[in-house]
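Peer 1: I would like to see how this sequence folds:
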Amino acid sequence: MIQTLEWTDSGVRFIDQTKLPTEEAYVTCQTYQEVADVIRNMIVRGAPAIGVAAAMGIALGVKNSRAEAIGELKTRIR
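Peer 2: The predicted structure follows:
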């Protein structure tokens, strides 16, 4: 079974649904901005997958944040 998206050590990995069914290609995102582009460009499709992708984008944003305190992190997340 092909994974639509998955969390990896390199970032969030998506199957590029714009290439299906003729090609199996993947896109790996390391920032929340890249995840947002994947959603906007319909590389990931379907409401459940988009929801999970958005949550993973938030997780990347938190992981990559330079905030030093929880209050600062909350402000940056908003």
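Peer 1: give the contact list for the spatially most central residue of the chain.
Peer 2: For the chain, V35 is the residue whose C-alpha lies nearest the centre (Cα atoms, centre = their mean; 3.7 Å). With contacts defined as Cβ atoms under 8 Å, 6 or more residues apart in numbering, V35 is in contact with 12, 29, 53-54, 56-57, 60. (Each C-beta comes from the backbone N, C-alpha and C, glycine too.)
Peer 1: and I50, what pLDDT?
Peer 2: Model confidence at I50, given as pLDDT, is 98.
Peer 1: for Q33, same thing?
Peer 2: pLDDT at Q33 comes out at 96.
Peer 1: which helices and strands sit right next to the longest helix seen in the chain?
Peer 2: Counting by DSSP state H, the longest helix found in the chain is helix 47-64. With contacts taken as 3 or more Cβ pairs under 8 Å, 6 or more residues apart in numbering; DSSP states H and E, helix 47-64 sits against strand 5-8, strand 11-15, helix 32-40, helix 70-77.
Peer 1: tell me the spacing between the residue nearest to the centre of the chain and E68.
Peer 2: 24 Å (Cβ to Cβ, to the nearest Å).
Peer 1: ditto for K19
Peer 2: Per Cβ to Cβ, K19 is found 41 Å from E68.
Peer 1: so between the two, which is more surrounded?
Peer 2: The neighbour count for K19 versus E68, taken as other Cβ atoms under 10 Å, is higher for K19 (13 against 8).
Peer 1: thought the more buried one was touching N41?
Peer 2: No. Here K19 lies out of contact with N41, judged by Cβ atoms under 8 Å, at a distance of 11.9 Å.
Peer 1: so where's the chain shaky on pLDDT?
Peer 2: Residues of the chain meeting the criterion pLDDT under 70: none.
Peer 1: quick one: closest of the helices and strands packed on helix 47-64 to E24.
Peer 2: strand 11-15 (6.9 Å; Cβ to Cβ).
Peer 1: how far is the closest one from where the chain is centred?
Peer 2: A distance of 7 Å separates the centroid of the chain from that of strand 11-15, by Cα atoms, centre = their mean, to the nearest Å.
Peer 1: from G61, how far out is the closest residue to L60 other than its chain neighbours?
Peer 2: The spatial neighbour of L60 that comes closest, neighbours along the chain excluded (Cβ to Cβ, 6 or more residues apart in numbering), is Y32 at 5.0 Å. Distance of Y32 to G61, computed by Cβ to Cβ: 4 Å.
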